[in-house]
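Colleague: For reference, the sequence and a predicted model appear below.
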Amino acid sequence: EAQVTQNPRYLITVTGKKLTVTCSQNMNHEYMSWYRQDPGLGLRQIYYSMNVEVTDKGDVPEGYKVSRKEKRNFPLILESPSPNQTSLYFCASSTPVHTEAFFGQGTRLTVV
Amino acid sequence: AQTVTQSQPEMSVQEAETVTLSCTYDTSESNYYLFWYKQPPSRQMILVIRQEAYKQQNATENRFSVNFQKAAKSFSLKISDSQLGDTAMYFCALQGRAGSYQLTFGKGTKLSVIP
């Protein structure tokens, strides 16, 4: 089954404790991206990657890091999480040809 | 920069009736895609319908159709014969076809279908 898998789905952590949210896709998509969703703001892009070893900032990259060492994986790293990073996070993948973005099931992150 | 605006934060509709959700956008590109995504309480993002900007014909998927007005940069979603399962957040999104292929979302419209 074609899918994008995010883990964990729920995470509560404390300020300053490094964490990683994993994202993996099995569709051989070149393009992957991370979004955060906040009430009243919709989804905003954090980082994106157009292929292995190619990443770039989206609209709200501050406080986040990403890496793309393999085509299927695109982890999101919060080196020192802060309460304003409490949000719902989505990973998505697509190809330019297909255009449709396939989304993971979301990760609800709470930073206390 | 590209932008997407959804001016209706919340809407409601009676079951079996028709409702239209509004979306306007701005982009400097001549070729792009427009999407409507549905997000039910399960949080999953589900593609409802998509429209290629160079196609004049409005896209249709069963009870869902769009009114695409390229000159006005408007992309509304019409839901016919509304069902309780249509209750969800609906996001309009724009993807450019050059450069970063960035997908830009509107802030969403929360639709409630009333029995």
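Modeller: It's in.

Colleague: So for the chain, the centremost residue is which one?
Modeller: Just going to use chain A. A:Trp34 (3.1 Å; C-alpha atoms, centre = their mean).

Colleague: Actually, chain B is the one I wanted.
Modeller: B:Trp36 (3.1 Å).

Colleague: and the helix or strand hosting it, what's its mean pLDDT?
Modeller: Element membership for B:Trp36, per DSSP states H and E: strand B:32-39. Across strand B:32-39, pLDDT averages out at 94.

Colleague: I'd like to know which elements that strand is packed against.
Modeller: Packing contacts for strand B:32-39, counted by 3 or more C-beta pairs under 8 Å, 6 or more residues apart in numbering or on different chains; DSSP states H and E, involve strand B:46-52, strand B:64-69, strand B:74-79, strand B:88-96. In this view, the C-beta of every residue, glycine as well, is placed from N, C-alpha and C.

Colleague: buried stuff in stretch A:24-44?
Modeller: A:24-25, A:29-37, A:42-44 (16 or more other C-beta atoms under 10 Å in any protein chain shown).

Colleague: Wait, B:Gly108 touches B:Met89, no?
Modeller: Yes - contact status for B:Gly108 versus B:Met89: in contact at 4.8 Å, counting by C-beta atoms under 8 Å.

Colleague: Pull up the overlap in contacts between these two.
Modeller: B:Gln39 (C-beta atoms under 8 Å, 6 or more residues apart in numbering or on different chains).

Colleague: the strands in chain A, which residues?
Modeller: Secondary structure of chain A (DSSP state E): strands at A:4-7, A:10-13, A:19-25, A:31-38, A:42-51, A:54-57, A:65-66, A:76-78, A:87-94, A:102-103, A:107-111.
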